[in-house]
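K.L.:
give me the fold of what follows.
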Amino acid sequence: MSKKNKGYQGVVFSTDPDFGYISDDSEIQETPEPRLQDLRVQLDRKQRGGKAVTLITGFIGSQEDLQILGKKLKQKCGVGGTAKDAEIIIQGDFREKVMTLLLADGFKVKKIGS
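P.N.:
Next up, the predicted model:
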């Protein structure tokens with residue numbers, strides 16, 4: 001589970017019986033067109049036991065659309081991974097393949113690192 005603030009704005013406990021938590025989750029983020037998205041593809045080995053993963057960051061949109069894009073990339077590469085917190089993690093070094101797939105879908109893609 002993510003360690004991010006769940007939208008409660010720092011309130012842990014309240015003794016006020018009429019207190020209502022204010023949540024930011026009510027806003028549904030609309031996903032812009034792929035040509036308006038600026039994605040970054042990089043190879044990452046930090047905090048992964050030396051194993052290389054392809055990291056795609058910069059996605060703007062709903063969690064559902066992120067999951068759909070992540071699933072498509074994982075299927076095309078034939079490997080596992082995850083899509084959460086506005087980034088997609090693909091197991092292994094698939095930078096070139098991921099970049100060509102994203103460019104074919106109309107995304108603007110930049111390669112970060114060498």
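
K.L.:
pull the CA atoms of stretch 66-84 into CSV?
P.N.:
C-alpha atoms of stretch 66-84 as CSV (Å, rounded to 0.1, in the frame of the first residue of the first chain):
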residue,chain,number,x,y,z
LEU,A,66,-2.8,4.1,-16.1
GLN,A,67,-3.7,0.4,-15.4
ILE,A,68,-4.9,-0.1,-19.0
LEU,A,69,-1.7,1.3,-20.4
GLY,A,70,0.5,-0.6,-18.0
LYS,A,71,-1.3,-3.9,-18.9
LYS,A,72,-0.8,-3.3,-22.6
LEU,A,73,2.9,-2.6,-22.2
LYS,A,74,3.4,-5.6,-20.0
GLN,A,75,1.6,-7.9,-22.5
LYS,A,76,3.6,-6.5,-25.4
CYS,A,77,6.9,-7.0,-23.6
GLY,A,78,5.9,-10.4,-22.2
VAL,A,79,7.0,-9.6,-18.6
GLY,A,80,5.5,-8.6,-15.3
GLY,A,81,5.3,-5.2,-13.6
THR,A,82,3.0,-2.8,-12.0
ALA,A,83,1.2,0.5,-12.6
LYS,A,84,0.5,2.8,-9.7
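
K.L.:
give the buried residues for that stretch.
P.N.:
By 16 or more other Cβ atoms under 10 Å, the buried positions in stretch 66-84 come out as 66, 69-70, 73-74, 77, 81, 83. To be clear about C-beta, it is placed using only N, CA and C from the backbone, and glycine gets the same treatment.

K.L.:
tell me the first helix or strand C-terminal of the longest helix belonging to the chain.
P.N.:
Looking across the chain with DSSP state H, the single longest helix is helix 63-77. Next in sequence after helix 63-77, counting helices and strands by DSSP states H and E, comes strand 81-84.

K.L.:
pull up the pairing partners for the helix or strand following that next one, direction included.
P.N.:
As assigned by DSSP H and E, the chain's next helix or strand after strand 81-84 is strand 87-91. Paired neighbours of strand 87-91 in the sheet (DSSP bridges): strand 53-57 (antiparallel), strand 81-84 (antiparallel).

K.L.:
which non-adjacent residue is nearest the residue sitting nearest the centre point of the chain?
P.N.:
Taking Cα atoms, centre = their mean as the criterion, Glu87 is the residue nearest the geometric centre of the chain, at 2.0 Å. Distances taken as Cβ to Cβ, 6 or more residues apart in numbering place Thr57 nearest to Glu87, at 4.7 Å, with adjacent residues excluded.
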